[in-house]
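K.L.:
Sharing a model prediction with you, sequence too.
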Amino acid sequence: MPDFSFTRQERLKSRTLLSRLFKEGHSFVAYPIRVAWLELPASETFAPVQVVVSAPKRHFKTAVARNLLKRRIREAYRLHKHELYEKLAGRRVALMLMYLGKEELPFAEIEAGVLKMIRKWPEQSAEKQNEPS
RNA sequence: AACACGCACCGCUCUGCCGCCUUUCGGGGAGGAAAGUCCGGACAACGCAGAGCGCCGCACCACCUAACGGGUGGGGCCUGUUUCGGGCAACCGGGGCGGGUACAGAAAGGGUCACAGAAAAUUACCGCCUUCGUUUUGGCGGAGGUAAGGGUGAAAAUGUGCGGUAAGAGCGCACAGCCUCCCGGCGCAAUCCGGGACGCGGACAAACCUUGCGGGUUGAAAUGCCAUGUACACCUCGUCUUGCCCGGUUCGCCGGGCGACGCCUGCUGCUCGCGGGCGACACGAGGGGGGUAGGCAGCGCAAACGCCGGUCGGCGACGAUCGGCGUCAGAUAAAUGGCAGAGCCUCCCGGGCAACCGGGAGCGACAGAAUCCGGCUUACAGGUGCGUGUUUUUU
RNA sequence: UGGCCCGUGGUGUAACGGUAGCACAGCAGAUUUUGGUUCUGUUUGUCAGGGUUCGAAUCCUUGCGGGCCAA
C-alpha cells in the first residue's frame, strides 16, 4: 500500500524558494496543467518534493472555482505522487502545478494530466542527470 | 387548487474507502450572505496645557441599541385606487385600503435660474390712463402713473367678489389660502384642532452657506517579542553666539546652573501659544540606501455569548428574569476535500381516474472564514409556513 | 486586510447644472491611371440602476469595472 498522505512538509511555502522557481526553474505543459520545477540540494528540504498548486484569477473569477480546481489538482497529485518518487530516485525537487484550462474540467481529466506529467518526466530528468555537475 | 405579491424561515441528506487543518487527543472543522467594504463599535498603537480657525459626518419627533447613516412606533409631504358629499364640468373636500419619502433653515447673506418671454425678482415691450408739445380732426413725439389684460415658460408676484380710481393696484373690505408669533385643548414630542394678532415673501441648500449635534489620528501588513542579517557607507540642511551667578584656575580660560538669541523639532490640517534638543570637529534633524521575507503572541474560554422553552413589561424594535443545553473553524501560496453508491429535489418523456410507477436529464442556486462583533447593500436553483388579492371548481 | 483614486465614440482628450464637442481612426464620395496626400460628407459615446432638479456627463446614492498605496 503506497503512502497517500499529504503533509505540510510536502507543500512549498517559502516565498524565496517560489521566486527562485519562477526565475531559474524549467517548465513544460501536460494539459490541462503547466508544470514548473527546480532541482534542489537535499539539505534544503525534508520531503522529496515540495509542491504548490495554482489557478489563475484571470479565468476563474470566484474563489470557489479556484479552490475547487486547486483541490482537484492536489488530490490527483496525492494519489499518484509515489509514481513520481520512483522516477526521481532520491533527488529533491520544488514543483509548481498551474491550472491552464479556461473552464472547469472534471477530476478525471485533471488526473489524466497529472499522469501525463509523470510520464513525461524521465526524459527531462535523465538529460539533467547526464550533465556533469 | 392554481397564479401573483408581501413577510419570515430552510437552503441537500446518509454510508463506505482514501486524505486535509486543528486539538486539552475526548473531539471540532464555512455562510445566509463567509461577498461588496457602505456605516457603527470592540481592540491596539501613537498623540493629548489650552484657545481659535478650518475639515468631515448627521438632520421631522419619540423610543430601542454598546454604537450607528441601523431598527421600531408615530407625524408631515407626495402619490395610486375606491367610496361618500359638493359642482354643468374641470375639479375640490372627507373617509377606507395601499405605495413612496436624505423630511432643519430660502423671513441671515451673497449666488444661479439656459431657451422662450415685456419681465426670472425693487420687472414697463404691447396695452390702459393723465399731461405737455406739434400737426391736416387721423396721428407723431416727450414726461409721468399703472401690475387689471397679453403670446412665453418648469416656474409669472396669493385666488374670487365688492368698493375704490384718471387708469389701476392688498390701496381698502369680505371670504378663502399661506407664513411667523401668541393663547387654549389632545399628546412626552413632532404635529393636529380651535381662536387671535402682524404680514403676503417664486424656485434651488442632493451648489456656497447658516443653525444644532457629533468626530484626536491611524489601523491586524495595527502592535509586542524572539531568531536571522546588514553599512555611523552616502546626500542635504542647521549650529562656530551671548548676559548674570557659583566652583576651579597655570589668570589664557575651563566646568555647571538660569536666561536671551539662532537653528532644528513636537503638539499628525493651520495659527497663536506651549514644550523638547543643539550651539563645534562633533551634535541634531531630514532624505536616501542596505538587510531580513522565518517563528511566537495578538488569534477566539468567559463575571461572556448563543440556542430552546417559560414568566413579566412594552403597540413594537427590545428589555428584565427563571430553567435547560452548548462552547460552535482558526488556516497562513492559506485546511473543511476526492471517488463510489443510495436517497431527496427540479425538469422532460411514457403509463395510470388518482395516489403513484418506469426511464432519462441536471458536474444540483448564489457563493469560501482571514482580528472579532452589530447593521446596511448586493447575488441566489428550489422548498416550507403565514397573510392579502384574482380566477376556477365544490359545498 | 485596510485605505485612496478614476470610468465620456475604436483610441487619446474637452465641456460655470442648460443642444455632448475636438483630434486621430473607420465608412462613403471627389481629386489621381492606381495608391498615398489633400478636400467634402457621415457612423459610433457620458459604465449600469435609482434619486434630487423644470433640466444631470456634472450633484447624491447603490452596484459593476479598472488602477494605486501600505509589513
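P.N.:
Yep, it's here.

K.L.:
wait, doesn't A:L40 sit right on A:R92?
P.N.:
Yes: counting by Cβ atoms under 8 Å, A:L40 touches A:R92, with 4.5 Å between them. All C-beta atoms are positioned from the backbone trio N, CA, C, and that covers glycine.

K.L.:
And the next helix or strand past the host helix or strand of A:L18?
P.N.:
Mapping A:L18 onto the secondary structure by DSSP states H and E places it in helix A:15-24. Downstream of helix A:15-24, the first helix or strand assigned by DSSP H and E is strand A:26-30.

K.L.:
Can you confirm whether that following strand lies near RNA strand B?
P.N.:
No: interface with RNA strand B: strand A:26-30 contributes nothing (Cβ under 7 Å from any atom of the strand), its closest point being 15.0 Å away.

K.L.:
Kindly export that strand (C-alpha atoms) in CSV.
P.N.:
Taking Å, rounded to 0.1, in the frame of the first residue of the first chain, the C-alpha atoms of strand A:26-30 are listed here in CSV:
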residue,chain,number,x,y,z
HIS,A,26,12.4,24.6,-16.0
SER,A,27,8.8,24.1,-17.3
PHE,A,28,6.7,22.1,-19.6
VAL,A,29,3.0,21.5,-20.3
ALA,A,30,0.9,18.5,-19.5
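
K.L.:
List of residues touching it?
P.N.:
With contact meaning Cβ atoms under 8 Å, 6 or more residues apart in numbering, strand A:26-30 is reached by A:34-38, A:100, A:113-114, A:116-117, A:120, A:124.

K.L.:
Can you verify A:R72 is assigned to a helix?
P.N.:
Yes: in this structure, A:R72 lies within a helix as judged by DSSP: H, G, I helix; E, B strand; the rest coil.

K.L.:
That one contacts A:I110, doesn't it?
P.N.:
Yes: at 4.9 Å, A:R72 and A:I110 qualify as touching, with contact defined as Cβ under 8 Å.

K.L.:
Tell me the secondary structure of A:K81, please.
P.N.:
Using three-state DSSP, the three-state assignment for A:K81 comes out as helix.
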